[in-house]
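Peer 1: Kindly generate the corresponding structure for this input.
(chains A and B)
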Amino acid sequence: DTEVTQTPKHLVMGMTNKKSLKCEQHMGHRAMYWYKQKAKKPPELMFVYSYEKLSINESVPSRFSPECPNSSLLNLHLHALQPEDSALYLCASSPSSWDRNNEQFFGPGTRLTVL
Amino acid sequence: AQSVAQPEDQVNVAEGNPLTVKCTYSVSGNPYLFWYVQYPNRGLQFLLKYITGDNLVKGSYGFEAEFNKSQTSFHLKKPSALVSDSALYFCAVREGYAGKSTFGDGTTLTVKP
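Peer 2: Numbers count the residues shown, from 1 in each chain, chains lettered A, B, ... in the order given. As a prediction, the model looks like this:
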């Protein structure tokens, strides 16, 4: 199984809502990533988890809260988002975070709209 | 800091013609370079990578890339373009510490029948 899955595919939420994005991989990868991508722009790194521990937070606002319950799962909890947070949220994984040889495997993304 | 640049926002080619999508890089030490493709409303898909060795790297879907150290370039190529190759292409460099990837701004490839 060489796939990264993300749910939901689409999410519409109000600024006062709490929601979560979910990502799953069964490739045995020990690094997992959250990216935010605006239309026709490159992905922007948000968080990196290595061996289920947060290793990078790219100064992301606290209204985004990542969680890595186990080596296969990655969640992104959302609370009190702003309309400018509307974007495609991509999850990715790789065998490790420090081995530059490895490409990243991306999920299809969650299209988030904040009203 | 490591960086990659894609000088063209848009590349248009006719089906059956060769295509080139350009990428230049700036790194300290050995470069670890990648190409990804993104179809509309999808995630990124890995095409190929240069780590070390042969300067011509072959990848998925008939794509290849030429690494040129003197010109600090890693251009993506395909001998004969297909309409289905139309997509957004990203060049990326991988940093060793903590696994950060730095992406270029992307190039939209349009292949016309």
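
Peer 1: per-residue confidence for B:Tyr97?
Peer 2: Note on B:Tyr97: pLDDT of 63.

Peer 1: what residue ranges in the chain score low on pLDDT?
Peer 2: In the absence of a named chain, this looks at chain A. Residue ranges of chain A with pLDDT under 70: A:1-2.

Peer 1: right idea, wrong chain: chain B
Peer 2: B:96-98.

Peer 1: Up against chain A, what does it have?
Peer 2: Contacts of chain B with chain A, taken as Cβ under 8 Å from any Cβ of the partner chain, map to B:32, B:34, B:36, B:41-46, B:49, B:51, B:88, B:90, B:94-101, B:103-106, B:108. C-betas here are computed from N, CA, C, even on glycine.

Peer 1: give me the residue from chain B nearest chain A.
Peer 2: B:Gly99 (3.2 Å; Cβ to the nearest Cβ).

Peer 1: Nearest residue to that residue in space, please, no chain neighbours.
Peer 2: Spatially, and ignoring its direct neighbours in sequence, B:Gly99 is nearest to A:Ser97 (3.2 Å; Cβ to Cβ, 6 or more residues apart in numbering or on different chains).

Peer 1: likewise B:Gly43?
Peer 2: Spatial nearest neighbour of B:Gly43, chain neighbours left out: A:Phe106 (3.6 Å); criterion: Cβ to Cβ, 6+ apart.

Peer 1: Does the one you found touch A:Val4 like I think?
Peer 2: Yes. Counting by Cβ atoms under 8 Å, A:Val4 is a contact partner of A:Phe106 at 6.2 Å.

Peer 1: which neighbours do these two share?
Peer 2: A:Cys91, A:Ala92, B:Gly43 (Cβ atoms under 8 Å, 6 or more residues apart in numbering or on different chains).

Peer 1: count of residues packed around the last one?
Peer 2: Spelled out, it's B:Gly43. 22 (other Cβ atoms under 10 Å in any protein chain shown).

Peer 1: returning to what we had before: quantify the burial of the residue nearest to B:Gly43 by counting its neighbouring residues.
Peer 2: Around A:Phe106 there are 23 residues (other Cβ under 10 Å).

Peer 1: which residues sit against the helix or strand where B:Leu47 lies?
Peer 2: Assigned by DSSP states H and E, B:Leu47 belongs to strand B:44-50. Contact with strand B:44-50 is made by A:43, A:90, A:92, A:101, A:103-106, B:31-39, B:57-61, B:63-65, B:67, B:74, B:76, B:89-90, as judged by Cβ under 8 Å, 6+ apart.

Peer 1: need the contact list for the residue nearest in space to the middle of chain B.
Peer 2: Central residue of chain B (Cα atoms, centre = their mean): B:Trp35, 3.7 Å from the mean position. By Cβ under 8 Å, 6+ apart, the contact set of B:Trp35 is B:21, B:23, B:46-49, B:59, B:63, B:65, B:74, B:76, B:89-92.
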